[in-house]
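coords please:
(chains A and B)
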Amino acid sequence: MSEIGWIVLAAAVMTYLTRAGGHLVLSRFRRIHPRVEAGLNAVPAAVFTTLVAPAAMNATPAEALALVVAALLGLRGGMFSVFLGGGLVLIAGRYLLG
Amino acid sequence: MSVAPFARRAFASQFWRGTRRGIPVIVASAPFGVLFGALAVQNGFTVGEAVMMSATVFAGASQMVGIELFGKAIPAWMIVLSVFAVNFRHVLYSASFGRRTGHWSAWQRALGFFFLADPQYAETERMAEAGETIGFAWYLGIGLPMYLVWVLDAWLGALFGRLIPDTHALGLDFLLPIYFVGLLMGFRKRPLWLPVVIASGAAAMVAHVYVGSPWHVSIGALAGVLLAAAMPVGEEARTAYAAEREGTGGRS
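Residues are numbered from 1 along each chain as shown, chains lettered A, B, ... in the order given. You can find the predicted model right below:
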């Protein structure tokens, strides 16, 4: 196999280890400490924020507007309305604001 | 004898429920899956290698980082380490996912970990928050179609990458941030949501500027998680934990 192939496989193994590893470590403890529990409950908010942060930081006006609309739609509707609303505002904003 | 068809029907209906939850994500991630295939070929991958990466790694952001580094003269171990840095957040997903799937068999969980990308994790947490049990059929329903389409995306991108239309004008390049904002809002009723968002956001932005791109995710996520862990533990949770520990401590 090519060098690229081997690197890809190593990356795949590494990725699987991250996906199994957290559980393997945690399952060694019979009881989960309340602080660990509180930390785990914060994972979605913490991670999804970091995935949005660079896009929000470097957003053009049209992109910023789309993110705000998506957040507001996220208060009420499901993911479809978030997509549709955010996407439409983005396309219109890029067309009008550049 | 009559149980088998019934069980099969129940499996199918749960699977389909999961698939329907996953359709928006399949749409949102398609441009990135195709773009990955196109960029991989431009960076010296064969079509087969591009497809293999999507099929074995199945983690979009880290795949992008990986192929970006291939184009430069960077040692192999650095590439693998960068992939690990981007994917480190999965350690946190994994710890949480294990709690939700205690009723699965070891094999089911081993397979489940393979599909544990951002959307699968988010939907699992949403189901758990709604008080529902995470079924294996439901989880496969959301994970498997997304996986197959992701592999197909890479193949199409690798073959026809040059024909991609103007993704900027169509807004395709910005669909994932919109998707993640939607997910983020869905968790707003959790304790400490706003402080965690502020801490993670600030840490991620600072890290993005001063440390650089893959690392802002791990650094930002850890900031939010540590903040939540450092806040005072409620009286109720503390006494429950102490009582349980004494109970098990006495026996062992």
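
So which bits of the host helix or strand of residue B:53 are buried?
Using DSSP states H and E, residue B:53 falls within helix B:47-56. Residues B:47, B:49-56 are the ones in helix B:47-56 that count as buried (16 or more other CB atoms under 10 Å in any protein chain shown). Glycine gets a C-beta too; all of them are placed from N, C-alpha and C.

can that helix be found next to chain A?
Yes: counting by CB under 8 Å from any CB of the partner chain, contacts between helix B:47-56 and chain A involve B:49, B:52-53, B:56.

in chain B, what secondary structure element scores lowest on mean pLDDT?
The weakest-scoring helix or strand in chain B, judged by mean pLDDT, DSSP states H and E, is helix B:235-251 (a mean of 67).

Now residue B:88. Its backbone dihedrals?
Per-residue torsions, residue B:88: phi -60, psi -30 (degrees, to the nearest 10).

oh, I was asking about residue B:135
Per degrees, to the nearest 10, the backbone of residue B:135 is at phi -80, psi 150.

cool, residue B:45 as well?
phi -80, psi 150.

Now residue B:172: phi and psi?
According to degrees, to the nearest 10, residue B:172 has phi -70, psi -30.

Which residues are in contact with residue 63?
Picked chain A for this. Residue A:63 makes contact with A:55, A:90, A:93, B:174, B:177 under the criterion CB atoms under 8 Å, 6 or more residues apart in numbering or on different chains.

Actually, chain B is the one I wanted.
Residue B:63 neighbours (CB under 8 Å, 6+ apart): B:36, B:40, B:53-54, B:57.

Dump the buried residues of helix B:47-56 to CSV, plus pLDDT.
CSV is the format used below for the buried residues of helix B:47-56 (pLDDT from 0 to 100):
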residue, pLDDT
B:47, 95
B:49, 95
B:50, 95
B:51, 97
B:52, 97
B:53, 96
B:54, 97
B:55, 97
B:56, 97
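
returning to what we had before: between the residues of helix B:47-56 next to chain A, which is closest to residue A:19?
Taking CB to CB as the measure, residue A:19 lies nearest residue B:56 of these, at 12.5 Å.

so the closest one makes contact with residue A:12?
Yes: assessed by CB atoms under 8 Å, residue B:56 is found in contact with residue A:12 at 3.6 Å.

count of residues packed around residue B:125?
Neighbours of residue B:125 under the rule other CB atoms under 10 Å in any protein chain shown: 23.

Does it lie in a helix or a strand, and which?
Using DSSP H and E, residue B:125 falls within helix B:118-129.

Check whether that helix comes near chain A.
Yes: with CB under 8 Å from any CB as the criterion, chain A is reached by helix B:118-129 at B:118, B:121-122, B:125.

Could I have the PyMOL command that selects the buried members from those?
Provided next is the PyMOL selection string for whichever of the residues of helix B:118-129 next to chain A are buried by 16+ other CB under 10 Å:
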select buried, chain B and resi 118+121+122+125
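
Looking at the residues of helix B:118-129 next to chain A, which is nearest chain A?
Of all these, the one with the least separation from chain A (CB to the nearest CB) is residue B:125, at 5.4 Å.

For that closest one, report the pLDDT, please.
Among the per-residue scores, residue B:125 holds a pLDDT of 94.

so it sits right up against residue A:45, yeah?
No: between residue B:125 and residue A:45 there is no contact under CB under 8 Å: 10.3 Å.

Could you pull out the residues contacting both of the two?
Here residue B:125 and residue A:45 have residue B:187 as joint contacts, going by CB under 8 Å, 6+ apart.

So what touches the helix holding residue B:125?
Residues contacting helix B:118-129 (CB under 8 Å, 6+ apart): A:44, A:47-48, A:51, B:18, B:21-22, B:25, B:29, B:93, B:96-97, B:100, B:134, B:138-139, B:142-143, B:146, B:180, B:183, B:186-187, B:189-190.

Buried residues of the longest helix seen in chain A, list them for me.
The helix that spans the most residues within chain A, counting by DSSP state H, is helix A:3-26. For helix A:3-26, burial by neighbour count (16+ other CB under 10 Å) applies to A:4-5, A:7-12, A:14-23, A:26.

and it, what other elements does it pack with?
Where contact means 3 or more CB pairs under 8 Å, 6 or more residues apart in numbering or on different chains; DSSP states H and E, helix A:3-26 is packed against helix B:47-56, helix B:60-70, helix B:76-87, helix B:89-100, helix B:106-114.

Tell me which two of the buried residues of helix B:47-56 sit farthest apart.
The most distant members of the buried residues of helix B:47-56, if one measures by CB to CB, are B:47 and B:56, lying 15.1 Å apart.

pLDDT value on residue B:73, please?
68.

for residue B:207, that is, sorry about that
94.

same check, this time on residue B:80
Looking at residue B:80, its pLDDT stands at 88.

Against residue B:79, how distant is the residue nearest to it when sequence neighbours are not counted?
Sequence neighbours aside, residue A:10 is the residue nearest to residue B:80 in space, at 4.8 Å (criterion: CB to CB, 6 or more residues apart in numbering or on different chains). Per CB to CB, to the nearest Å, residue A:10 is found 8 Å from residue B:79.

Need the overlap of contacts for these two.
With the criterion set as CB under 8 Å, 6+ apart, the contacts of residue A:10 and residue B:79 do not overlap.
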